[in-house]
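Engineer: Need coordinates for the following:
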Amino acid sequence: MEFPFPYYRDAGQLPGPLPDQNEIEQETKTISRDSVFGARIVLIRDTYVVKYGSHVNENEGHALLFIEKELRIPAPRLYAMYRHQNDVYIVMEYMPGISLGSAWPLLTTTNKDSIARELRCIFDQIRSLPSRGFYGSLNRGPVPHRYFYSREKDPHITGPFETAEEFAKAIALRSNSMWTESNTRSFLSDYLGRHLPRALGNYPAVFTHGDLWRENIMVKKVVSSVTNEDVYEVAALIDWETAGWYPSYWEYAHIFPLLQWTDDWPEYVERVIDPLPLEGAMMRIVFSDLEF
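Structural biologist: Next up is the predicted model:
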């Protein structure tokens, strides 16, 4: 699938005129997301969400186009994507709701179970897509995650990769590169170099959201047709900037080090995606090394 850049949806498919630069930059109604670094997100006319900034890249727009073509899951539609000066601008559909993180303390067990089932159906559908035979971004570019950043653009670190073993080796190389830059030897980095490719080197590439935490799941309140009571249902999955083709363990193992264990959310994560505790433990070691 070819991903155009810049991209503009046909005017007949828009909910109204696209916002111009002045309207975007003068908009004061912002959407705050702790997960977004180096980006500003504004809501315009209660119709468009515009995300832009120095760390915004076209992979998120490509992901939305890919999802619209290949899947039937709740995600924003992409209306436009372009570069202005040094920043990428992504103009998306506004999908009203609140984050699952905000709603979670308000939910009954029954409603949590229902949302978990909805999310399981969504991720089962995502997982059903056939592999494209590589590990990387939607346009077969570098892996769109900070663990694969290389100032020198070393393809052995950035990808894309042909095998899961190369993918895991790249994480170890990234660790080694970081410690070398600080003129320090890390024995933990040495450990990752010896063992990570073997421990995580045999997993197929699957389409992956890449940042499954509650703030990236939007829910909305509806009235149950059965009980006539207010309940919540999934409105959208958002923040697809790190989406791509990853080893099948990534969706679970990547968020495992970030689980807080202060409520029952980790238990429900296991209902949404199959738990991989050993892989999660390995990624916790990676996290302790790369997030210092």
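
Engineer: what sits against the residue nearest to residue 281 when sequence neighbours are not counted?
Structural biologist: Closest residue to residue 281 apart from its sequence neighbours, by C-beta to C-beta, 6 or more residues apart in numbering: residue 256 at 7.5 Å. C-beta: built from backbone N, CA, C; applies to glycine. Each residue near residue 256 by C-beta atoms under 8 Å, 6 or more residues apart in numbering is listed here: 277, 279, 280, 281, 283, 284.

Engineer: you'd agree residue 256 is in a helix?
Structural biologist: Yes - under DSSP: H, G, I helix; E, B strand; the rest coil, residue 256 falls within a helix.

Engineer: doesn't residue 124 fall inside a helix?
Structural biologist: Yes - checked against three-state DSSP, residue 124 lies within a helix.

Engineer: Show the average pLDDT along stretch 126-141.
Structural biologist: Here stretch 126-141 scores 96 as its mean pLDDT.

Engineer: now the contacts of residue 256 in CSV, with secondary structure and distance to residue 205?
Structural biologist: CSV is the format used below for the contacts of residue 256 (DSSP: H, G, I helix; E, B strand; the rest coil; distance: C-beta to C-beta, whole Å):
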residue, secondary structure, distance to residue 205
277, helix, 22
279, helix, 15
280, helix, 19
281, helix, 22
283, helix, 17
284, helix, 23
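
Engineer: just for this protein, where's the confidence low?
Structural biologist: Residue ranges of the chain with pLDDT under 70: 33-37, 225, 228, 292.

Engineer: Break it down into its domains, please.
Structural biologist: 7-93, 96-292 (automatic domain parsing).

Engineer: Can you redo those domains as a markdown table, where the extra columns are distance to residue 1?
Structural biologist: Shown next, in a markdown table, are the domains of the chain (distance: least, C-beta to C-beta, whole Å):
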| stretch | distance to residue 1 |
| --- | --- |
| domain 7-93 | 6 |
| domain 96-292 | 8 |
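
Engineer: and residue 82, what helix or strand is that in?
Structural biologist: strand 78-84 (DSSP states H and E).

Engineer: Show me which residues of the next helix or strand after that strand are buried.
Structural biologist: Next along the chain after strand 78-84, taking DSSP H and E as the criterion, comes strand 87-93. Judged by neighbour count using 16 or more other C-beta atoms under 10 Å, the buried positions of strand 87-93 are 88, 89, 90, 91, 92, 93.

Engineer: Please, where are all the strands along the protein?
Structural biologist: Assigned by DSSP state E, the strands in the chain fall at 7-8, 40-44, 48-53, 78-84, 87-93, 98-99, 205-208, 217-223, 230-237, 244-247.

Engineer: now the fifth one and strand 230-237, what's the angle there?
Structural biologist: The one in question is strand 87-93. 140 degrees (axes from the mean of the first three to the mean of the last three C-alpha atoms, to 10 degrees).

Engineer: Mind listing the residues bridging to the nearest residue to residue 126 once chain neighbours are set aside?
Structural biologist: Distance criterion C-beta to C-beta, 6+ apart; nearest residue to residue 126, sequence neighbours excluded, is residue 207 at 5.5 Å. When assigned by DSSP bridges, residue 207 has beta-bridge partners residue 245.

Engineer: Next up, the contacts around residue 207.
Structural biologist: Counting by C-beta under 8 Å, 6+ apart, the residues that residue 207 touches are 66, 126, 127, 129, 243, 244, 245.

Engineer: From residue 51, how far off is it?
Structural biologist: 21 Å (C-beta to C-beta, to the nearest Å).

Engineer: try residue 166
Structural biologist: For residue 166, the distance to residue 51 - C-beta to C-beta - is 31 Å.

Engineer: Those two - which one has more neighbours?
Structural biologist: residue 51 (24 against 18; other C-beta atoms under 10 Å).

Engineer: All good on my end, thank you.
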